[in-house]
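Engineer: predicted model follows, preceded by the sequence.
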Amino acid sequence: MDLRQLRSFKSVAQQHGFRRGASSLNIAQPAVSRHIKQLEASLGVELIHRASSGIRLTEAGVALLRHTEELFQKIAQIHDDLSDISQRVTGTVRIGAPSSIGEILFAPLAQRMRQVAPEIYLTFTESSCRLLSLLQGGHIDIAVLSCTRELNHAEWTCDKLVGERVYLIGSAEALKGRESIEVEQVTTMPLILTPLPNSQHQYLSDVARQCGRKLNIVSEAESMTGLMALIDRGLGFGILPFSAASLVVHVHPVVSCEIRGFYSWRTLVRRADAALSRAGQKAWEMIGDEMQRLSVKGMFGIPVQADQPASDALPVLSSPAVRT
């Protein structure tokens, strides 16, 4: 007894005839007749009574039809279950971002992933100057960077998400009455910056060099906590994109001042030579969606045009700058 024989028997019984049963299966009638004879021989009972008026199931045939229908329903369920498993996305995805993005992205991203793909496990890393090296070393899979220029597309796969204006952060007394400032003037001020490689730091260094000077860096701090502790004490000024600046001015005794023509792009980045897993591809798509949702809510300020250059007033600089 095998499934082909049972399938032929089921079709003949349900179609009330050998010809119609064979037609339903799209196979030759002699093959169907042979299958049923083999089935009856293997079971040792007559299943179908053949007469000139047609066919009818014997008592054994009625019982077998019931079991056969249940069997094929179970087989269909097995196929559905296995199909669900094969299509299920599982795995771990390691995501990195600066703390300013991590504060607003990680929690809603994890919550949404739990809802739509609960078998994907996310791990998060916050850093302000090591994310590219972590990507290069294979320690994380995806990073959300803040870039002032395009990355090398031979080395990185990138998706530019949202643009932000960049702000000078300092005490209310030092920035009293200022709504904006030129980037060249910022390069003359005492600055507290994130260590290189950092896009804002690198960009300001390039601007200062074009102006024939060096930046006046009084201190460096990788973490937002350390950076703001130094700024709070009036030791210098910080440089932050809108999303981070809007957060710190609500919890620290500081104000912000827009740096005219200075823009930064939140960019989704992964290694070009390392394909993402299905879980990674799902996370990549969801990060992009979540960042757009945050942008619509105003978390990144007034939208910056996709083709907006890093600076309105200065030429594009050749040195790459990436805020990691």
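Structural biologist: Nice, thanks for sending it over.
Engineer: buried residues in stretch 250-268?
Structural biologist: Going by neighbour count (16 or more other Cβ atoms under 10 Å), the buried part of stretch 250-268 is 254-268. Every C-beta, even on glycine, is put in place using the N, C-alpha and C of the backbone.
Engineer: can you pick out the most distant pair from those residues?
Structural biologist: V255 and L268 (31.1 Å; Cβ to Cβ).
Engineer: re the thing from before, which of the buried residues of stretch 250-268 fall in strands?
Structural biologist: 255-268 (DSSP state E).
Engineer: from those residues, pick the one nearest D159.
Structural biologist: Using Cβ to Cβ, these come closest to D159 at L268, 4.2 Å.
Engineer: the closest one touches V162, doesn't it?
Structural biologist: No. Counting by Cβ atoms under 8 Å, L268 does not reach V162; the two are 10.3 Å apart.
Engineer: list the residues that contact both of the two?
Structural biologist: Residues touching both L268 and V162 (Cβ atoms under 8 Å, 6 or more residues apart in numbering): M291.
Engineer: what about the longest helix in this structure?
Structural biologist: Across the chain, the longest stretch assigned as helix under DSSP state H is helix 59-87.
Engineer: mind listing what's buried in the helix or strand following that one?
Structural biologist: The first helix or strand that comes after helix 59-87 along the chain, using DSSP states H and E, is strand 91-97. Neighbour-count burial for strand 91-97, counted by 16+ other Cβ under 10 Å, picks out G91, V93, R94, I95, G96, A97.
Engineer: could you do stretch 58-75 as well?
Structural biologist: Buried residues in stretch 58-75 (16+ other Cβ under 10 Å): G61, L64, L65, T68.
Engineer: does M228 sit in a helix, a strand or a coil?
Structural biologist: helix (DSSP: H, G, I helix; E, B strand; the rest coil).
Engineer: should've said L240
Structural biologist: Secondary structure of L240, per three-state DSSP, is strand.
Engineer: so what pLDDT did S219 get?
Structural biologist: pLDDT recorded at S219 is 92.
Engineer: that one should be in a strand, yeah?
Structural biologist: Yes. Under three-state DSSP, S219 sits within a strand.
Engineer: leaving out chain neighbours, which residue sits closest to it?
Structural biologist: Of all residues not flanking S219 in the chain, I192 sits nearest, at 4.9 Å (Cβ to Cβ, 6 or more residues apart in numbering).
Engineer: which residues of the protein score low on pLDDT?
Structural biologist: 80-87, 305-324 (pLDDT under 70).
Engineer: where do the helices of it begin and end?
Structural biologist: 3-15, 18-25, 29-43, 59-87, 99-116, 131-136, 183-186, 199-210, 224-232, 242-251, 278-296.
Engineer: how about these in CSV, adding distance to T148?
Structural biologist: Output for the helices of the chain, formatted as CSV (distance: least, Cβ to Cβ, whole Å):
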stretch, distance to T148
helix 3-15, 64
helix 18-25, 67
helix 29-43, 72
helix 59-87, 41
helix 99-116, 15
helix 131-136, 14
helix 183-186, 11
helix 199-210, 4
helix 224-232, 18
helix 242-251, 14
helix 278-296, 18
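Engineer: deepest of these, which one?
Structural biologist: Stretch with highest mean neighbour count among these: helix 199-210 (a mean of 21; mean count of other Cβ atoms under 10 Å).
Engineer: give the other helices and strands that it contacts.
Structural biologist: strand 142-147, helix 183-186, strand 190-193, strand 238-241, strand 255-271, strand 322-323 (3 or more Cβ pairs under 8 Å, 6 or more residues apart in numbering; DSSP states H and E).
Engineer: now these in TSV, with distance to S11?
Structural biologist: Shown next, in TSV, are the helices and strands packed on helix 199-210 (distance: least, Cβ to Cβ, whole Å):
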stretch	distance to S11
strand 142-147	52
helix 183-186	79
strand 190-193	77
strand 238-241	68
strand 255-271	52
strand 322-323	65
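Engineer: which one, of the ones you listed, ends up nearest to V166?
Structural biologist: Across the helices and strands packed on helix 199-210, closest to V166 is strand 255-271 (Cβ to Cβ), at 4.2 Å.
Engineer: the closest one pairs with which strands, parallel or anti?
Structural biologist: Partners of strand 255-271 in the sheet, by DSSP bridges, are strand 142-147 (antiparallel), strand 156-170 (antiparallel), strand 180-182 (parallel).
Engineer: how far off centre is the first one?
Structural biologist: This means strand 142-147. 12 Å (Cα atoms, centre = their mean, to the nearest Å).
Engineer: got the buried residues for it?
Structural biologist: Those buried within strand 142-147 under the rule 16+ other Cβ under 10 Å are I142, A143, V144, L145, S146, C147.
Engineer: so which of these comes closest to R293?
Structural biologist: Out of the buried residues of strand 142-147, the member with the shortest distance to R293 (by Cβ to Cβ) is V144, at 14.0 Å.
Engineer: just grab the bridge partners of the nearest residue to the closest one once chain neighbours are set aside for me.
Structural biologist: Spatially, and ignoring its direct neighbours in sequence, V144 is nearest to A97 (4.1 Å; Cβ to Cβ, 6+ apart). Beta-bridge pairing of A97 under DSSP bridges involves E126.
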